[in-house]
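>>> okay, structure incoming, though there's no sequence with it:
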């Protein structure tokens, strides 16, 4: 655990949390207010939930394997 980890402020966009998770190898990103007080933590699952709510059409309607096409239609 780092003694002085990078933090995000409440007004910073989600992409900054994703950047820290990828480049800084953070699993959980601390959120601080203007005074530097810890107010929460962003976890990877929080980012996924946000994206699913913000872009439901893009995420929820994708087939499991988009490149795979059925030769014949199946069903009743």
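Right, received. Where do you want to start? Everything numeric here is computed off the predicted structure, so don't read it as measured data.
>>> what does the least confident helix or strand in the chain by mean pLDDT rub up against?
The weakest-scoring helix or strand in the chain, judged by mean pLDDT, DSSP states H and E, is helix 56-60 (a mean of 76). Helix 56-60 has contacts (Cβ atoms under 8 Å, 6 or more residues apart in numbering) with 51, 52. Any C-beta I mention is one placed from the backbone N, CA and C, and that applies to glycine too.
>>> distance check, the spatially most central residue of the chain against residue 58.
Centroid-nearest residue in the chain: residue 47, 2.4 Å away (criterion: Cα atoms, centre = their mean). Using Cβ to Cβ, to the nearest Å, one gets 15 Å for the distance from residue 47 to residue 58.
>>> so which strand or helix has residue 46?
Assigned by DSSP states H and E, residue 46 belongs to helix 44-54.
>>> buried sites along that helix?
residue 47 (16 or more other Cβ atoms under 10 Å).
>>> also stretch 3-22?
8, 17, 20, 21.
>>> just put the residues you listed in JSON lines and tack on pLDDT and secondary structure.
Below are those laid out as JSON lines (pLDDT from 0 to 100; DSSP: H, G, I helix; E, B strand; the rest coil):
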{"residue": "8", "pLDDT": "93", "secondary structure": "strand"}
{"residue": "17", "pLDDT": "93", "secondary structure": "helix"}
{"residue": "20", "pLDDT": "91", "secondary structure": "helix"}
{"residue": "21", "pLDDT": "91", "secondary structure": "helix"}
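>>> pull the most distant pair out of the residues you listed.
8 and 21 (10.7 Å; Cβ to Cβ).
>>> could you name every residue contacting both of the two?
Shared contacts of residue 8 and residue 21, counting by Cβ under 8 Å, 6+ apart, come down to residue 29.
>>> sketch out the low-pLDDT regions of the protein for me.
For the chain, residues meeting the criterion pLDDT under 70 lie at 1-2, 60-63, 66, 68-71, 73-76.
>>> residues touching residue 6, list them.
Contacts for residue 6 (Cβ under 8 Å, 6+ apart) come out as 20, 24, 26, 29.
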